[in-house]
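Q: Dropping the sequence and predicted coords here.
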Amino acid sequence: MESAVELDHVSHVYVNGRGAYPALLDISLTVRQGEFISLIGPSGCGKTTLLSLISGLLTPTAGNVRVFGEKVEQGGVQRIGYMLQQDYLFPWRTIGANASLGLELLGRLDAASQKLVDGLMEEMGLGGQSQRYPHQLSGGMRQRVALVRTLATEPDVLLLDEPFSALDYQTKLQLEELVSGTLKARGKTAVLVTHDITEAVAMSDRVIVLQPNPGRLLADMEVPELIRAASPLKARETEGFHELFHRLWGLFESMDKGGGRSHG
Ligand SMILES: Nc1ncnc2c1ncn2[C@@H]1O[C@H](COP(=O)(O)OP(=O)(O)OP(=O)(O)O)[C@@H](O)[C@H]1O
């Protein structure tokens, strides 16, 4: 299968007035097309930095990042979409106008792409609501609008930076189901950053563990087929789920004992 994202011996050092801070060291990682991976690790281990390197917001200090074989240059790659913890909806725009904003900014909003947005709104359970404003919606609904906005530009790779962490537990589970089903159905490649080991195992094909100071790869674990075949909700009740959770938890504990945990 074609590789969607490739990191080849990537390191990143932040330099500011106070000095240089090595955030990531020698990361090599391949994400196959259509694969869903999660990045987990203690605070400050470089998860968000890694997403910024994939999207081209940051340029690596050393090594190369490629998306579908194309070297990522500063300024980003068109084939990438972002979904973040905050929805960043504009309060003065209707949710319909927020949903089509990405297309508008790319100069690609026309009758055909508007139809795509309308279809996505329906699919996300937001049909007939496009004239409402963000303040009239729940957190979960707002995140669904943000998902429509992201998917409308038809990115091949989605970078999900803790998109469920600000939601209440029930809404979080519902949105995990929706995001997972939607991305799988479309064959999208996804990289999820999360602090929630359960979420990582329930949603992913592979879980990557980073350790801090500086951020390095600690483990790269395949999620068993039985769990992957289930939806995130069902995955939690599937054989092997708790075993994998405990293996990952053990890695966090060993980092704590090793004194490697930082608070970035
Ligand atoms: N602009 C910056 N300048 C200097 N250091 C930075 C900068 N941005 C991040 N860092 C440092 O780089 C390290 C990695 O940060 P990053 O945000 O990627 O970690 P993270 O794993 O996403 O953290 P968290 O789980 O808390 O969100 C941290 O120690 C952080 O303090």
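A: Arrived safely, thanks for sending.
Q: helix or strand for the closest residue to Ile40 other than its chain neighbours, which one?
A: In space, and not counting its chain neighbours, Ile40 is closest to Ala200: 5.1 Å by C-beta to C-beta, 6 or more residues apart in numbering. C-beta here means a position set from N, CA and C on the backbone, and glycine is covered the same way. Assigned by DSSP states H and E, Ala200 falls within helix 197-203.
Q: same check, this time on Ile208
A: Assigned by DSSP H and E, Ile208 falls in strand 206-211.
Q: for that strand, packing partners?
A: Judged by 3 or more C-beta pairs under 8 Å, 6 or more residues apart in numbering; DSSP states H and E, strand 206-211 is in contact with strand 36-40, helix 197-203, strand 216-222, helix 241-257.
Q: tell me the mean pLDDT for the third one?
A: Read it as strand 216-222. Averaging pLDDT along strand 216-222 yields 97.
Q: So for the residue lying closest to Leu51 once chain neighbours are set aside, what pLDDT did the model give?
A: Sequence neighbours aside, Leu159 is the residue nearest to Leu51 in space, at 4.7 Å (criterion: C-beta to C-beta, 6+ apart). Listed pLDDT for Leu159 reads 96.
Q: following the helix or strand that contains Leu159, which helix or strand comes up?
A: Assigned by DSSP H and E, Leu159 belongs to strand 157-161. Using DSSP H and E, the helix or strand that follows strand 157-161 in sequence is helix 169-186.
Q: what residues does that next one touch?
A: Under the criterion C-beta atoms under 8 Å, 6 or more residues apart in numbering, residues 36, 83, 123-124, 138-140, 143-144, 147, 151, 158, 160, 163-165, 167, 190, 199, 202-203, 231-233 lie in contact with helix 169-186.
Q: which of these count as buried?
A: 36, 83, 123-124, 140, 143-144, 147, 151, 158, 160, 163-164, 167, 190, 199, 202-203, 231-232 (16 or more other C-beta atoms under 10 Å).
Q: From the centroid of the chain, which residue is nearest?
A: Central residue of the chain (C-alpha atoms, centre = their mean): Leu160, 1.8 Å from the mean position.
Q: For that one, give its distance to Gly96.
A: Here the criterion is C-beta to C-beta, to the nearest Å. By it, Leu160 lies 23 Å from Gly96.
Q: Run through the residues that contact Ile37.
A: 31, 190-192, 204-208.
Q: Revised request: answer the last question for Asp118.
A: So Asp118 contacts Ser130 (C-beta under 8 Å, 6+ apart).
Q: swap in the one 3 residues further on?
A: Contact partners of Met121, counting by C-beta under 8 Å, 6+ apart, are 96, 99, 127, 129-130, 148.
Q: Closest to Gly63 out of those residues?
A: Val148 (34.4 Å; C-beta to C-beta).
Q: so which strand or helix has that closest one?
A: Assigned by DSSP H and E, Val148 belongs to helix 139-152.
Q: got the angle between that helix and strand 157-161?
A: Relative orientation of helix 139-152 versus strand 157-161 (axes from the mean of the first three to the mean of the last three C-alpha atoms, to 10 degrees): 150 degrees.
Q: Quick one: list the elements packing against helix 139-152.
A: strand 80-84, helix 95-99, helix 101-105, helix 111-123, helix 169-186.
Q: what sits up against the second one?
A: Think helix 95-99. 89-90, 117, 120-121, 126, 129-134, 137, 145, 148-149, 152.
Q: if we go to 7 Å?
A: Applying C-beta atoms under 7 Å, 6 or more residues apart in numbering, the contact partners of helix 95-99 are 89-90, 117, 121, 126, 129-134, 137, 145, 148-149, 152.
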